[in-house]
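S.K.: sequence and predicted model, in that order:
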Amino acid sequence: MERRGDETHLNEDEASGGSKGHGVRYVLLIGLLLAILAMSAVWIVPALAG
């Protein structure tokens, strides 16, 4: 971290505050797929029953 007057300058690692691993990508993908499956089930099951 570097201070210039009233400004604070951070590098990329300091500003991100976390890791940039591929795990987040997989969690988002799995969550998206589960949401699509759940919404499809809510729509398809009543259509087949009725």
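M.R.: Cool, the structure landed.

S.K.: tell me where the protein has helices.
M.R.: In the chain, the segments counted as helices under DSSP state H are 12-16, 23-49.

S.K.: export the ones you listed as JSON lines, with columns for mean neighbour count and distance to Met1.
M.R.: Glycine gets a C-beta too; all of them are placed from N, C-alpha and C. Output for those, formatted as JSON lines (neighbours: other C-beta atoms under 10 Å; distance: least, C-beta to C-beta, whole Å):
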{"stretch": "helix 12-16", "mean neighbour count": "9", "distance to Met1": "6"}
{"stretch": "helix 23-49", "mean neighbour count": "9", "distance to Met1": "25"}
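
S.K.: worst mean pLDDT among those helices?
M.R.: Lowest mean pLDDT within the helices of the chain: helix 12-16, at a mean of 76.

S.K.: what's that helix in contact with?
M.R.: Met1 (C-beta atoms under 8 Å, 6 or more residues apart in numbering).

S.K.: so what pairs up with Glu2 in the strands?
M.R.: His9 (DSSP bridges).

S.K.: so how far is Thr8 from it?
M.R.: Separation of Glu2 from Thr8 (C-beta to C-beta, to the nearest Å) stands at 7 Å.

S.K.: what of Leu48?
M.R.: For Leu48, the distance to Thr8 - C-beta to C-beta - is 59 Å.

S.K.: before we move on, what about Tyr26?
M.R.: 34 Å.

S.K.: before we move on, what about Ala47?
M.R.: Distance of Ala47 to Thr8, given as C-beta to C-beta: 57 Å.

S.K.: got a list of what Ala41 touches?
M.R.: No residues are in contact with Ala41 under the rule C-beta under 8 Å, 6+ apart.

S.K.: quick one: the residue most central in space within the chain from Pro46, how far?
M.R.: When C-alpha atoms, centre = their mean is applied to the chain, the residue found nearest the centroid is Leu28 (4.9 Å). Distance from Leu28 to Pro46, counting by C-beta to C-beta: 29 Å.

S.K.: one more: Val27?
M.R.: Per C-beta to C-beta, Val27 is found 30 Å from Pro46.

S.K.: and what of Glu14?
M.R.: 51 Å.

S.K.: what about Arg3, how many residues nearby?
M.R.: Using other C-beta atoms under 10 Å, the number of residues around Arg3 comes to 8.

S.K.: thanks a lot, catch you later.
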